[in-house]
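In: No sequence on hand, only this structure:
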């Protein structure tokens, strides 16, 4: 409101008397009023962006209320200037971000304005444990070993995470997992003799991990990989022959990868063996000479120098 004082006098200073009139101009354009008052406290669960919708009214007919935001934490929020919708730009995390924000909302009709101080408090939620692993749930596992993978998980609230097998999935019965996430075959797999659900060398177990209140599962593919293994001698270890003959017999072997292999004698001057396993005496034995038993070590090896 404004006040003016008016004094009346004669132009030539004639003594006609003085009168003073006071005129008060009243501003009847009202300011917007926030429905929730000058202060507002809002609780918001972590990991969400929606905060609240501002509401203010203006008694002046035809006035439109718009909104703006200021204050120390204003950069963390978006505000719809026309709608009053207040949201976080990025959903807050109770464990790593601030847990309290303060902003000042201003409602204006273009002439007059009002402020509202808003305090936003972030509430903690019980979140599921987070598994540490690559985005590819396929794990290679060399044959003949039991180790299939090591897992770990972090609980946002700091609770202990426990691992178990999820027994409803195929191939889960062929694995064990320790409470701290070490996954192993119950029996070491053989690439050449697979026992997986679909007959391949891919196994499909599912593991379960829980913080005690929230559980999650992960379906895996454990891919058994081939290992170049040494050939094995399959023939008998004892031969009997008649004296005065050179030929003893044939030593046989099998290679798991069906590869090529050769034989060699170790520390024997009396016997000889060909690459294809034909075992002979260097000199035909004589029973009456007194030596009736001969021992030799035979080594079979493949072209990758794997031997047995």
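Out: The structure has been received and is ready for your questions. Just so it is clear, the model here is predicted, and its values are computed rather than measured.
In: How about residue 70: what's its closest non-neighbour residue?
Out: Distances taken as C-beta to C-beta, 6 or more residues apart in numbering put residue 104 closest to residue 70, at 4.9 Å, once the chain neighbours are dropped. C-betas here are computed from N, CA, C, even on glycine.
In: So what's the residue count around the one you found?
Out: Using other C-beta atoms under 10 Å, the number of residues around residue 104 comes to 15.
In: how about it, secondary structure?
Out: Per DSSP: H, G, I helix; E, B strand; the rest coil, the secondary structure class of residue 104 is strand.
In: what do you get for residue 288?
Out: Of the three states, residue 288 takes helix under three-state DSSP.
In: coming back round to it: hang on, the residue nearest to residue 70 packs against residue 117?
Out: Yes. Using C-beta atoms under 8 Å, residue 104 is in contact with residue 117, at 5.7 Å.
In: for this structure, where's the lowest mean pLDDT among helices and strands?
Out: strand 2-8 (a mean of 56; mean pLDDT, DSSP states H and E).
In: List the residues that contact the residue nearest to residue 70.
Out: 69, 70, 71, 74, 115, 116, 117, 118 (C-beta atoms under 8 Å, 6 or more residues apart in numbering).
In: what number of residues lie near the residue lying closest to residue 92 once chain neighbours are set aside?
Out: Counting by C-beta to C-beta, 6+ apart, residue 92 lies nearest to residue 122, which is 5.0 Å off, once chain neighbours are set aside. For residue 122, the neighbour count with other C-beta under 10 Å is 21.
In: Offset the numbering so it begins at 50, please.
Out: That works, and once the first residue is 50, the last one we named lands at residue 171.
In: Can you verify my assumption that residue 171 contacts residue 149?
Out: Yes. Between residue 171 and residue 149 there is a contact under C-beta under 8 Å: 7.1 Å.
In: quick revisit: now the contacts of residue 153 in a markdown table, with pLDDT and neighbour count?
Out: Below are the contacts of residue 153 laid out as a markdown table (pLDDT from 0 to 100; neighbours: other C-beta atoms under 10 Å):
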| residue | pLDDT | neighbour count |
| --- | --- | --- |
| 118 | 96 | 19 |
| 119 | 95 | 11 |
| 120 | 94 | 17 |
| 123 | 95 | 16 |
| 164 | 95 | 15 |
| 165 | 94 | 22 |
| 166 | 96 | 14 |
| 167 | 96 | 24 |
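In: Closest one of the residues you listed to residue 336?
Out: Using C-beta to C-beta, residue 123 comes nearest to residue 336 of the contacts of residue 153, at 107.7 Å.
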